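Peer 1: turn this into a model:
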Amino acid sequence: MKEEKKKYALVTGGSRGIGRAICVQLAKDLDYPILINYNSNSEAAQETLKMVEAAGGTGELIQFNVVDEEQVKSVLGAWHEKNKNAVIEVLVNNAGITKDGLFMWMTKKDWSSVIDTSLNGFYNVTNTLIQNLLVNKYGRIINMVSVSGLKGTPGQTNYSAAKGALIGATKALAQEVAKRKVTVNAVAPGFIKTEMTEDLNEQELKKMIPANRFGTAQEVAHVVSFLASDKSGYITGEVININGGIYS
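Peer 2: Next up is the predicted model:
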């Protein structure tokens, strides 16, 4: 009799903000140990792990920079070596950065670093894990995108380009892997209260939002948790907006 594989969920950029809220929500709702990926802020990642445990879940920290393909492959390869009877069944591609500025002044570095993190980061992690998901004949891939990737946001041409491309990748990959019960969806937050948005003028901006407020990271995490569950098996290739009505 084949031994049942131990199943895990991996959240990239899981140490803060929306990533942290997703780790905690998955721990509450689903039965997966959570792999909390972080790049440099080990203190914040430890804090997330404590919150996962306080929510009744289990987890471990896994450090790699999603931009560095070699590092992604070697760290995940070493993890699989150590956990031979394990499969990462849920992948949340959440790692992303912003380097805002008008396009005419944008440096190549600010363009590339944003696209490298969101788009090439998606490739590096997903491409490393996809074969296992297909062999497993079950999986959930959830890509964190943005309202910027749908409507474009001035001052964020780089971020809008990265997230727009990730939406295209989500829709294409969903069609490639659906037969194997692997779903691929994207979640597109609007203005959400996190460290990333704390410098924005909330009083001014909320006037543009029909719901008249910023969203919370928890509200985003609930949707991700649903898409990561077995209840969402017939939803794939979708982009789910969480933006208080600012754009649909």
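Peer 1: how close does Asn93 sit to Cys23?
Peer 2: Distance of Asn93 to Cys23, given as CB to CB, to the nearest Å: 14 Å. All C-beta atoms are positioned from the backbone trio N, CA, C, and that covers glycine.
Peer 1: which SSE is immediately downstream of the helix or strand harbouring Glu43?
Peer 2: According to DSSP states H and E, Glu43 maps onto helix 42-54. Sequence order places strand 59-63 as the next helix or strand after helix 42-54, per DSSP H and E.
Peer 1: tell me the centre residue of this protein?
Peer 2: Asn94 (2.2 Å; CA atoms, centre = their mean).
Peer 1: can you check the pLDDT for that one?
Peer 2: Looking at Asn94, its pLDDT is 98.
Peer 1: so it makes contact with Gly13?
Peer 2: Yes: counting by CB atoms under 8 Å, Asn94 touches Gly13, with 4.6 Å between them.
Peer 1: shared neighbours of the two, which are they?
Peer 2: Jointly contacting Asn94 and Gly13 under the rule CB atoms under 8 Å, 6 or more residues apart in numbering are Gly19.
Peer 1: next one, pLDDT for the nearest residue to Ala174 once chain neighbours are set aside please.
Peer 2: Take Ala174 and drop its neighbours on the chain: the residue closest to it by CB to CB, 6 or more residues apart in numbering is Gly237, 3.4 Å away. We have a pLDDT of 98 for Gly237.
Peer 1: and Gly237, helix, strand or coil?
Peer 2: Under DSSP: H, G, I helix; E, B strand; the rest coil, Gly237 falls in the coil class.
Peer 1: and it, what are its phi and psi?
Peer 2: Backbone geometry at Gly237, expressed as degrees, to the nearest 10, gives phi 70, psi 10.
Peer 1: so which elements touch the helix or strand hosting His80?
Peer 2: For His80, the host element (DSSP H and E) is helix 69-82. Helix 69-82 sits against strand 59-63, helix 121-136, with contacts defined as 3 or more CB pairs under 8 Å, 6 or more residues apart in numbering; DSSP states H and E.
Peer 1: where does pLDDT dip in this structure?
Peer 2: 1-2 (pLDDT under 70).
Peer 1: how about the strands in it?
Peer 2: Assigned strands in the chain, in chain order: 6-11, 34-38, 59-63, 86-93, 139-144, 182-189, 239-242 (criterion: DSSP state E).
Peer 1: quick one: closest of the ones you listed to Asn120.
Peer 2: Each of the strands of the chain has some distance to Asn120 by CB to CB; the shortest is strand 86-93, at 11.1 Å.
Peer 1: which residues sit against that closest one?
Peer 2: 5-12, 14, 19, 22, 26, 30, 32, 35, 76, 80, 121-122, 125-126, 129, 132-133, 136, 138-144, 166, 224, 228.
Peer 1: what's the PyMOL syntax to select whichever of those are buried?
Peer 2: Restricted to buried positions by 16 or more other CB atoms under 10 Å, the PyMOL selection for these reads:
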select buried, resi 7+8+9+10+11+12+14+19+22+26+30+32+35+76+80+121+122+125+126+129+132+133+136+138+139+140+141+142+143+144+166+224+228
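Peer 1: with Thr98 as the reference, measure out to Gly155.
Peer 2: 10 Å.
Peer 1: pick out whichever of the two has more residues nearby.
Peer 2: Per other CB atoms under 10 Å, whichever of Gly155 and Thr98 has more neighbours is Thr98, with 20 against 14.
Peer 1: let me see the contact set for the closest residue in space to the more buried one that isn't next to it in sequence.
Peer 2: Computed as CB to CB, 6+ apart, the closest residue to Thr98 that is not its neighbour in sequence is Tyr159, at 5.2 Å. Neighbouring residues of Tyr159 by CB under 8 Å, 6+ apart: 96, 98-100, 114, 118, 146, 148-149, 153.
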